[in-house]
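**Student:** Sequence unavailable; structure follows:
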């Protein structure tokens, strides 16, 4: 009886098969809320392979920013400019050196700022004519202003609390050093 012929794969064929498998896994993961175990294992390994990989698919704050900018009156140039401006504002607010709780609040405050600016622009364009239209835009603007004010106030409060905690920790550390020196 002749031996079965073993198929030899080229490196190119293997890479194409791996790429096809990856595409199948990612497609399943993106289209189903409860994919197969194999798919979940693939996605979990992919996310674990790079600490920042989750940002490509799961940064919901970035997605919310992009959705907020989807209104038809904004062209690509304006959208890209707003995103760059938002990133600069985050830098000015100290996002890189901030603890996680502050980073989350900075992201939220900047998102609220962008949404407020969008509502301001829409208000300027649309709050004319009929009183019911003007009242609608007044309500939207008021709500956006309240949301932004709450976000900025929360950021300020948490920063103040963290500063107090750091000061209290420093005082406690100095007292501990004095106690050790006296002993």
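**Tutor:** Sure thing, it's come through. Keep in mind it's a predicted model, so treat the numbers as computed, not measured.

**Student:** which residues sit in contact with the residue sitting nearest the centre point of the chain?
**Tutor:** Geometric centre of the chain, nearest residue: residue 61, 3.2 Å, by CA atoms, centre = their mean. Neighbouring residues of residue 61 by CB atoms under 8 Å, 6 or more residues apart in numbering: 107-108, 111. For every residue, glycine as well, the C-beta is placed using N, CA and C.

**Student:** Then residue 108?
**Tutor:** Residues near residue 108 by CB under 8 Å, 6+ apart: 61, 151, 154-155.

**Student:** Assign the residue nearest to the centre of the chain to helix, strand or coil.
**Tutor:** helix (DSSP: H, G, I helix; E, B strand; the rest coil).

**Student:** Pull out the buried positions in the helix or strand containing residue 117.
**Tutor:** Assigned by DSSP states H and E, residue 117 falls within helix 100-126. Counting neighbours by 16 or more other CB atoms under 10 Å, one finds that the buried residues in helix 100-126 are 102-119, 122-123.

**Student:** Just checking, which helix or strand of this structure averages the lowest pLDDT?
**Tutor:** Comparing helices and strands within the chain by mean pLDDT, DSSP states H and E singles out helix 54-58 as the least confident, with a mean of 73.

**Student:** element containing residue 140?
**Tutor:** Element membership of residue 140, judged by DSSP H and E, is helix 131-182.

**Student:** Check the offset of that helix from the chain's centre.
**Tutor:** Relative to its parent chain, helix 131-182 has a centroid offset of 20 Å by CA atoms, centre = their mean, to the nearest Å.
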